[in-house]
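> dropping a prediction and its sequence here:
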Amino acid sequence: MNNDLYAAEKDIILIVDDKAANLGVLSDFLDEEGFEVRVARDGESALEKANYEPPDMILLDVMMPGIDGFETCCRLKGNSTTAEIPIIFMTALSDVVDKVKGLSLGAVDYITKPFQPDEVLARIKLHLKLQKLNQKIYQQNLQLKQEIEERYEAQMALQKLTQELEERVNERTHKLSDALHILQETQLQLVQTEKLATLGQLVAGVAHEINNPLSSISGNLACAEGFMENIIEHLRLYQENYPTPAPQIQEHAEEIEVDYLLEDLPKIIASMKVGTERIQALSLSLRNFYRSDSSKKEPVNLREGIDSTLLILQHRLKGKGNRPVIEVIKKYGDLPLVTCYPGQINQVFMNLIANAIDAIEEAGTRGYLASPKQPGKIEIHTQSLDSQSVIIRVKDNGAGMAEEVKNKIFEPMFTTKPIGRGTGLGLSISRSIIEEKHGGKLICDSEITQGSEFIIHLPIKPVE
């Protein structure tokens, strides 16, 4: 007996042929090769035996009485029990059409009569091997499918767990973000309150100390002006009545240039009066700007706050080096009194106008203006939108901002200025003052090289 793999496994071969001689030849041959052989004389018998105990392979004759081989093959393939059994047709036909028909019905091969034992054995072994490989692949596919399903279930469980963790992390992050926002707002309010209180006390003290000697100087200048007019009149009378004074007096008059003194001294006194008045106006503006005694909202003329701010920043508006004077264009509309915290609103004006000056200076140094000597401009518009609100616009022709910068300028601690020049709190505090303290709106419109415009919307009366 052959010790081949297939002989050891005792593969079952069902031979279907109506010729006893053919059955005998194939049965003896295959039995010697170690196969378990079963036989059927017609198609009906073959169907019954294959369904009862499915063989490993069927050798099926084409030409048989009753149902022929093609019909038998078709029925075998239509039965789930026998559909996977490999079928090899046995025929004396050499017509290609018949072979194609058989293969199209599901047969795996053909062997022709008269039989060549080596060819028959080779084809049987080949297709049995292929069948076993297919079965092995099928089992592996089933196992792989099961593993995939198990992994899919594990992945779904992991995904669900991940989603739950993400939700918990997002919830915790949201809570932390809210807490951070509250902390930042509280810090801003503390910085704002402390800054206003400190500056208000400092300015009030400085203004008080300045006003005392300033009042004395101002009063004395008025008296000195009157005295000087009298002395000058007296000297002119001497000159008219004594046109030829003593040589010593004549010599001294020429030495001190008495005619020049009489002409220039009133101008000096007038200039001192103007300087004193400007100092008094600045002192008053500082006191009005940092009004620390306003614990509640009160009706305010916003134009006065803007003018006070411009007066305080006058030194920055002057020309500097190659930069010419920054031109301030006022387009004031008629505004009613607005009920607000005046010190806080003035602080917003200070931040916005100071930032506009910074932007113009940056534009000059970075070449955004057509020429370094081209004047910077700040336009300030005020107007009533309706009976409920007013709008203030501060626009400059400075460097402008990119979109990503514009989206961050109101964030606490964000600044584009060098270290030591900006804290990143000015605009954050300004928005907090306008929106949270006064129920208004502060927005920014800006493009690179096109300047920036900050727009303040304020309700005329607070909404409690």
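Yep, it's here.
> contacts, neighbours, all on C-alpha from now
Will do.
> tell me the domain ranges of this protein?
5-115, 296-464 (automatic domain parsing).
> so for Arg236, which of those sits nearest?
domain 296-464 (41.7 Å; C-alpha to C-alpha).
> before we move on, back to that, switch the domains of the chain over to CSV; also include mean neighbour count.
Output for the domains of the chain, formatted as CSV (neighbours: other C-alpha atoms under 10 Å):
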stretch, mean neighbour count
domain 5-115, 18
domain 296-464, 18
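> can you lay out the ones you listed as CSV showing distance to Leu261 and mean pLDDT?
Output for the domains of the chain, formatted as CSV (distance: least, C-alpha to C-alpha, whole Å; pLDDT from 0 to 100):
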stretch, distance to Leu261, mean pLDDT
domain 5-115, 131, 84
domain 296-464, 32, 83
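> a markdown table please, covering those and showing distance to Leu235.
Formatted as a markdown table, those follow (distance: least, C-alpha to C-alpha, whole Å):
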| stretch | distance to Leu235 |
| --- | --- |
| domain 5-115 | 141 |
| domain 296-464 | 41 |
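> which stretch among those comes nearest Glu225?
Short answer: domain 296-464, nearest of the domains of the chain by C-alpha to C-alpha, at 27.7 Å.
> what is the longest helix belonging to the chain packed up against?
Using DSSP state H, we find that the single longest helix of the chain is helix 117-241. With contacts defined as 3 or more C-alpha pairs under 8 Å, 6 or more residues apart in numbering; DSSP states H and E, helix 117-241 has these neighbours: strand 109-112, helix 258-289, helix 426-431.
> now do that helix, average pLDDT.
What helix 117-241 shows for mean pLDDT is 78.
> the host helix or strand of Val405 packs against which elements?
Remark: Val405 resides in helix 403-406, with elements defined by DSSP states H and E. Packed against helix 403-406 by the contact rule (3+ C-alpha pairs under 8 Å, 6+ apart) you find strand 441-446.
> quick one: contacts for Ile111?
88-91, 119-120 (C-alpha atoms under 8 Å, 6 or more residues apart in numbering).
> just want the most central residue of the protein.
The centre of the chain sits closest to Glu404, judged by C-alpha atoms, centre = their mean, with a distance of 8.7 Å.
> from Glu447, how far off is that one?
11 Å (C-alpha to C-alpha, to the nearest Å).
> one step back: and the domains of the chain: which comes nearest Glu164?
domain 296-464 (31.3 Å).
> the helices and strands packed on helix 117-241: lowest mean pLDDT?
For those, where the average pLDDT is lowest is helix 258-289, sitting at a mean of 71.
> after it comes which helix or strand?
strand 298-300.
> adjacent strands (with direction) for that following strand?
Sheet pairing for strand 298-300, assigned by DSSP bridges, gives strand 338-340 (antiparallel).
> centre of the chain to the partner strand, how far?
The chain centre lies 36 Å from the centre of strand 338-340; the measure is C-alpha atoms, centre = their mean, to the nearest Å.
> mind giving me the packing neighbours of whatever helix or strand comes next after it?
As assigned by DSSP H and E, the chain's next helix or strand after strand 338-340 is helix 342-366. Applying 3+ C-alpha pairs under 8 Å, 6+ apart, one finds that helix 342-366 makes contact with helix 258-289, helix 302-312, strand 377-384, strand 389-396, helix 426-431.
> how far away is Asn241 from Ile357?
With C-alpha to C-alpha as the criterion, Asn241 and Ile357 are 61 Å apart.
> surely Ile58 is in contact with Ile85?
Yes: if you go by C-alpha atoms under 8 Å, Ile58 and Ile85 touch, sitting 7.2 Å apart.
> any idea how far the residue nearest to the centre of the chain is from Ser446?
From Glu404 to Ser446 the distance is 11 Å (C-alpha to C-alpha).
> and Leu14, by the same measure?
From Leu14 to Ser446 the distance is 90 Å (C-alpha to C-alpha).
> ok, Leu183 next?
Leu183 is 29 Å from Ser446, by C-alpha to C-alpha.
> with Arg168 instead?
Arg168 is 39 Å from Ser446, by C-alpha to C-alpha.
> cool, and Asn170?
34 Å.
> likewise for Gly376?
Gly376 is 16 Å from Ser446, by C-alpha to C-alpha.
> tell me the phi and psi of Pro86?
When read as degrees, to the nearest 10, the backbone of Pro86 gives phi -70, psi 140.
> next up, the contacts around it.
56-58, 107-108, 127-128, 131.
> now swap in Pro54 and tell me
Contact criterion C-alpha under 8 Å, 6+ apart gives 81-82, 85 as the residues in contact with Pro54.
> which SS class is it?
Judged by DSSP: H, G, I helix; E, B strand; the rest coil, the three-state class of Pro54 is coil.
> also Asp18?
Per three-state DSSP, Asp18 ends up coil.
> what does Ile85 give?
Following three-state DSSP, we place Ile85 in the coil state.
> for Val16, see how far away Asp334 is.
Taking C-alpha to C-alpha as the measure, Asp334 falls 113 Å from Val16.
> can you check Phe454 too?
98 Å.
> check Pro55 too.
12 Å.
> what's the burial count for Asn146?
Not quite, residue 146 is Gln, not Asn. 12 (other C-alpha atoms under 10 Å).
> if we can go back for a sec, from the chain's centre, how far out does the longest helix of the chain sit?
That offset, for helix 117-241, works out to 11 Å (C-alpha atoms, centre = their mean).
> and the helix or strand just after that helix, what does it pack onto?
Under the assignment DSSP H and E, the closest C-terminal helix or strand after helix 117-241 is helix 247-256. Helices and strands touching helix 247-256, as assessed by 3+ C-alpha pairs under 8 Å, 6+ apart, are absent.
> avg pLDDT for helix 247-256?
Rounded mean pLDDT across helix 247-256 is 80.
> just the CA trace of it, in PDB.
Listed next in PDB are the C-alpha coordinates belonging to helix 247-256 (Å, rounded to 0.1, in the frame of the first residue of the first chain):
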ATOM      1  CA  PRO A 247      25.700 160.700  32.800                       C
ATOM      2  CA  GLN A 248      25.700 157.900  35.300                       C
ATOM      3  CA  ILE A 249      21.900 157.200  34.700                       C
ATOM      4  CA  GLN A 250      22.400 157.400  31.000                       C
ATOM      5  CA  GLU A 251      25.300 155.000  31.100                       C
ATOM      6  CA  HIS A 252      23.400 152.500  33.300                       C
ATOM      7  CA  ALA A 253      20.400 152.700  30.900                       C
ATOM      8  CA  GLU A 254      22.500 151.800  28.000                       C
ATOM      9  CA  GLU A 255      24.200 149.000  29.900                       C
ATOM     10  CA  ILE A 256      20.900 147.300  30.800                       C
END
